[in-house]
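Participant: sequence plus the predicted model coming up.
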Amino acid sequence: MIDRRSASFVQSLCMGRIEEEIVFPFPAMRPAEREVLEQVLASVNQLLAPRAKDFRAWDVAGEMPAAFLEELRSFGLFGLVVPEAHGGLGFGSAAYSRVLQEIARHDGSVALTVGAHSSIGMRGLLLLGTEAQKARWLPRLATGELIAAFCLTEPGAGSDAASVKTTARRDGEGWILNGEKLWITNGGIAGFYTVFAKTPSGESDGKAHMTAFIVPRDLPGISTGPHEDKMGIRASNTTTVLFEDVRLGAEHVLGEVGKGFKAAMRILNAGRSGLGGGCVGGMKRLIALATRQASERRQFGRPIAEFGLVKQKLGGMVVDAYASESVVGLVAGLSDQGYEDYAVEAAISKLFATEALWRTADEALQIAGGNGFMREFPYERVVRDARINRIFEGTNEILRLFVALTALSRVGEQLKEVVHGLRGVLAEPIKGFGVLSDYALKQATIHTGLVGERRSFTRLHPALQELGEQVEGLVREVAWVADRELRRHGKAIVDQQFALRRIADILVDLLVTVAILSRVTGALEARGEAGAARELEIARVFAREARSRIRGNLHRVDANDDALVVSIADDALAREGYGWDLP
Ligand SMILES: Cc1cc2nc3c(=O)[nH]c(=O)nc-3n(C[C@H](O)[C@H](O)[C@H](O)COP(=O)(O)OP(=O)(O)OC[C@H]3O[C@@H](n4cnc5c(N)ncnc54)[C@H](O)[C@@H]3O)c2cc1C
């Protein structure tokens, strides 16, 4: 029986296990929620479909008019994740992600405005707020009377979020907040900020810790800077937010004092299905644009859609969209089913979907040729809008390190247990026996490729059996590499970024493949092999390509040019440039 508080599919992969109960069957939405969702999707389309020209104009102007925000409010789009008891729709992650997908099909700036509010701006209140805090703020957040923003980043604290300089010092029962936050989405239009500040330690280590606060905009001492002039998602509002001696009551503390960093990570983690949904929506729009363009544009006496190199791009775009939708849907399902430890899976879904959207936007623009480069057409804007996704809510580099290190941490724990276990065996042979035999089994699994009597996948549709067996083989190799890399580097693994990147990329490919296998199994069971023929093709294409990438990454764990690349980079850093101009 899987323990939903601690189970993690990807962490288990690193130990050579495929916990298929976590990922099979592919998650489905509750019928009642689905019904409401259909209505919301219809109203999203009713609101946004006629606005294509406006979105283009607002991109040029770099601003969204206040009257349009009013329309978003009246369509209930700020209440998607607020529980019904507080006036919202109470959507779970999957339904919420689907709505953001639909919004992003029309415009990235609108998706971000709604997403920053629901995914991160008020997520802390939903996750950590007291009943009194929820009752006080959620009804006004649900209607959009208050728009929410998430204030973590500062001029000196980006990826290193723990180094924020904003402070909250004690003032009787309350606090006084001072500091500046940078690039805050919805900063200038928000009425409700979730702010992270350093607070004095109440603990013996004497270090300052971070605490999360609810900060309403109408308190004295808050100001916002001008709207930033950005490359993409230009109509979404991004500003600095300045806090000068802002007085907060004890009731403004969100969660526990000193636990703000953990809170920030939990919020970002829980919000990922929104961002992933937005990426999937962007991809679907691009596929619609690119297929039309490819059919209409004629060169060499034929529609360009007839050329193999154009078909290769279109096919790849569909596979990327299906793969992203599968992994985002799987992770949203984990959240909706009450799994608590899906941070690695959520990070993978963000990584994969944001990079798949980037590839898709680039290829769609290429299919459009010179038109793709012209402002008159939508492609260049989508490319500009798509770029930010790999940067915010955790850069993809930081997330890769997080994925690999978190997945490896369980292997490390197990290795530690084994060492303790061996000592235990000598002291208490009966108690130690379980540990030893588990470890022996694991080693046998890794080295001989046998998992007791049982196959790892028992729920795969027979048509996918071969692909499943390939995944089983790769999982054994990954576990072997994880085990070996930990033994080789010990604690110093945290600085082995080339190795960590490879492990992360392998885990990304494995999770996405498994998400597809689970989804296609469902499709085959529901519609049979003829009915799900195309999805079977997608599964085959993705799994084959993923396997070849994984093999490459496994091979390069030992046979690589990492040291040479470091040396070349160091040389460029020393020269501050390129050193080999031809005369
Ligand atoms: C349009 C926009 C909207 C945003 N909205 C919000 C918001 O609403 N709320 C909010 O709090 N923030 C927001 N941000 C900030 C965003 O989250 C940060 O930009 C992001 O976290 C990266 O921080 P940084 O820009 O300071 O980059 P840096 O941290 O300076 O990173 C620069 C580069 O170095 C790499 N790097 C850094 N550290 C490491 C390492 N240890 N190992 C390997 N590589 C590393 C990074 O991956 C990146 O490629 C927004 C940013 C933008 C541009």
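Facilitator: Perfect, thanks for sending it. Because the structure is a prediction, the values reported are computed rather than measured.
Participant: now do the same end-to-end measure for stretch 116-129.
Facilitator: Length of stretch 116-129, first residue to last, CA to CA, to the nearest Å: 18 Å.
Participant: so the residue of the stretch 1-150 of the chain found nearest the ligand, which of the three states?
Facilitator: For the stretch 1-150 of the chain, the nearest residue to the ligand under the criterion CB to the nearest ligand atom is Phe150, separated by 4.6 Å. Bear in mind the C-beta positions are built from the backbone N, C-alpha and C, glycine included. Under DSSP: H, G, I helix; E, B strand; the rest coil, Phe150 falls in the strand class.
Participant: need the pLDDT of it.
Facilitator: As predicted, Phe150 sits at a pLDDT of 98.
Participant: can you check the one 5 residues further on too?
Facilitator: Model confidence at Pro155, given as pLDDT, is 97.
Participant: can you pull the phi/psi pair for the residue lying closest to it once chain neighbours are set aside?
Facilitator: Closest residue to Pro155 apart from its sequence neighbours, by CB to CB, 6 or more residues apart in numbering: Leu182 at 5.4 Å. When read as degrees, to the nearest 10, the backbone of Leu182 gives phi -120, psi 150.
Participant: and the gap between Leu182 and the ligand?
Facilitator: 7 Å (CB to the nearest ligand atom, to the nearest Å).
Participant: coming back round to it: so what pairs up with the residue of the stretch 1-150 of the chain closest to the ligand in the strands?
Facilitator: Counting by DSSP bridges, Phe150 is bridged to Thr194.
Participant: how many neighbours does it have?
Facilitator: With neighbours defined by other CB atoms under 10 Å, the count for Phe150 comes to 29.
Participant: next one: Glu173
Facilitator: Residues near Glu173, counting by other CB under 10 Å, number 8.
Participant: let me see the contact set for it.
Facilitator: The contact partners of Glu173, by CB atoms under 8 Å, 6 or more residues apart in numbering, come to Gly249, Ala250.
Participant: for the ligand, what are the nearby residues on the stretch 351-500 of the chain?
Facilitator: Ile388, Ile391, Phe392, Thr395, Glu397, Ile398 (CB under 6 Å from any ligand atom).
Participant: just the buried ones from the residues you listed?
Facilitator: Neighbour-count burial (16 or more other CB atoms under 10 Å) applied to these gives Ile388, Phe392.
Participant: kindly reformat the residues of the stretch 351-500 of the chain next to the ligand as a markdown table containing pLDDT and distance to Arg527.
Facilitator: Below are those laid out as a markdown table (pLDDT from 0 to 100; distance: CB to CB, whole Å):
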| residue | pLDDT | distance to Arg527 |
| --- | --- | --- |
| Ile388 | 98 | 37 |
| Ile391 | 97 | 39 |
| Phe392 | 96 | 38 |
| Thr395 | 97 | 40 |
| Glu397 | 98 | 40 |
| Ile398 | 97 | 40 |
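Participant: just the residues of the stretch 351-500 of the chain next to the ligand: which are in helices?
Facilitator: Using DSSP state H, the members of these that fall in helices are Glu397, Ile398.
Participant: I figured Arg170 hits Thr211, correct?
Facilitator: No - Arg170 is beyond contact range of Thr211, at 11.0 Å (criterion: CB atoms under 8 Å).
Participant: is Leu460 in contact with Thr521, as I believe?
Facilitator: Yes - contact criterion CB under 8 Å: Leu460 and Thr521 qualify, at 5.6 Å.
Participant: burial of Cys195, as a residue count?
Facilitator: Careful, residue 195 is Val and not Cys. Quick note: Val195 (other CB under 10 Å) scores 29 neighbours.
Participant: got a list of what it touches?
Facilitator: Cys151, Thr166, Leu177, Lys181, Ala212, Phe213, Ile214, Val215, Val241, Phe243.
Participant: top of those residues by neighbour count?
Facilitator: In terms of neighbours by other CB under 10 Å, those top out with Ala212 at 31 neighbours.
Participant: helix/strand/coil for that residue?
Facilitator: The three-state assignment at Ala212 reads strand, by three-state DSSP.
Participant: is it bridged to anything, and to what?
Facilitator: According to DSSP bridges, the partner residues bridging Ala212 are Phe196, Leu254.
Participant: how close does it get to the ligand?
Facilitator: Distance from Ala212 to the ligand, counting by CB to the nearest ligand atom: 12 Å.
Participant: the stretch 151-300 of the chain: helices as residue ranges?
Facilitator: Using DSSP state H, counting those that start in this stretch, the helices found in the stretch 151-300 of the chain span residues 260-270, 272-296.
Participant: which elements pack onto the shortest one?
Facilitator: If you count contacts as 3 or more CB pairs under 8 Å, 6 or more residues apart in numbering; DSSP states H and E, helix 260-270 packs onto helix 123-128, strand 192-199, strand 209-216, helix 343-367.
Participant: who's in contact with the helix or strand that the last one is followed by?
Facilitator: Using DSSP states H and E, the helix or strand that directly follows helix 343-367 along the chain is helix 370-373. With contact meaning CB under 8 Å, 6+ apart, helix 370-373 is reached by Gln293, Ala364, Leu365, Gln366, Phe377, Tyr379, Glu380.
Participant: again, 10 Å this time
Facilitator: Helix 370-373 has contacts (CB atoms under 10 Å, 6 or more residues apart in numbering) with 289-290, 293, 297, 361-366, 377-380, 382-383.
Participant: mean confidence score for it?
Facilitator: For helix 370-373, mean pLDDT rounds to 98.
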